[in-house]
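In: Sharing a model prediction with you, sequence too.
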Amino acid sequence: MATASDHYDSHLGRIYSWMVGDVEAALARSAAELDAIGLPVTRPGTALDLGAGIGLHALPLAQRGFSVTAIDSCQQLLDELRARSGSLPIATVTADIVDFHKLVQQAADVILCMGDTLTHLPDVSSVERLFADVARSLAVGGMLVCTFRDYVSAPLQAERRFIPVRSDDKRILTCFLEYFDDQVVVHDVLQQWEDGRWRQTVSSYPKLRLAPDWVASQLITHGLEVRQCAGPSGMACVVATRA
């Protein structure tokens, strides 16, 4: 079974924008999401986007006056981000997000870890280390925003574990979830029409099962003020602020 990083490099990265669909509409949704959360008012500010992908949050964040460092382990996704960024103040870094603190030159006003990035970490101890480093890296009044899928509260059962992601006349992507005690294994089944027939490739990788209350409690232990709210597409959202 692949790691999350290997899965994106070999399987999902090359079709990620296709999977998203209308990227401009997705960017508009992300911008509205950031506006609804209520970012720190200081402008210009510094921001880190952990697991930035193709820039669905990094781009609107930069458009709102932040100088953004976008970190992701998948070079293909960051190449797409860079192609879309134009003159916006976004620096892309190919790295493991758990090492982000090594890249921090000054305290950050905003740190994002959105779009289910948090569950891609290899184990719970990695999440705990990430949160400790985030707490040390936030400026006074700075904000961490995490959105992630809650695979704990209501595990999908039976046929509901098969999730159609997107399809067109040349490509079909289906996701199947397999639940274990601390992880859910994601099987991405890709079918593509090539040379007059359908070809199937499957790649599987683990995600962590993180309860929103546990995430909130971990951030509170580092002295952050925490609130929970509903995220997009049924995700959980945890917002932490350094008072």
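Out: Great, that's in hand.

In: mind saving the C-alpha coords of the helix or strand that contains Gln218 as CSV?
Out: Gln218 is part of helix 212-220, with elements assigned from DSSP states H and E. Extracted C-alpha coordinates of helix 212-220, given in CSV (Å, rounded to 0.1, in the frame of the first residue of the first chain):
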residue,chain,number,x,y,z
PRO,A,212,-12.9,16.9,15.8
ASP,A,213,-13.1,17.0,19.6
TRP,A,214,-9.7,15.4,19.8
VAL,A,215,-8.2,17.8,17.4
ALA,A,216,-9.6,20.7,19.3
SER,A,217,-8.4,19.4,22.7
GLN,A,218,-4.8,19.0,21.3
LEU,A,219,-4.8,22.6,20.2
ILE,A,220,-6.1,23.8,23.5
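
In: Against which helices or strands is whichever helix or strand comes after it packed?
Out: Of the helices and strands lying after helix 212-220 in sequence (DSSP H and E), the nearest is strand 225-230. Under the contact definition 3 or more CB pairs under 8 Å, 6 or more residues apart in numbering; DSSP states H and E, strand 225-230 sits against helix 212-220, strand 236-241. Placement of C-beta: from N, CA and C, glycine included.

In: Check these for me and report the most buried one.
Out: Greatest average neighbour count among the helices and strands packed on strand 225-230 goes to strand 236-241 (a mean of 21), per mean count of other CB atoms under 10 Å.

In: Read off the pLDDT value for Thr117.
Out: pLDDT for Thr117: 96.

In: wait, what's in contact with it?
Out: Leu50, Gly51, Ile97, Phe148 (CB atoms under 8 Å, 6 or more residues apart in numbering).

In: Without its sequence neighbours, what residue ends up closest to Arg14?
Out: Gln76 (6.1 Å; CB to CB, 6 or more residues apart in numbering).

In: Buried residues, the helix or strand containing that neighbour. List them.
Out: Assigned by DSSP H and E, Gln76 belongs to helix 75-85. By neighbour count with 16 or more other CB atoms under 10 Å, helix 75-85 contains the buried residues Gln76, Leu77, Leu78, Glu80, Leu81, Arg84, Ser85.

In: No further queries at this time; thank you.
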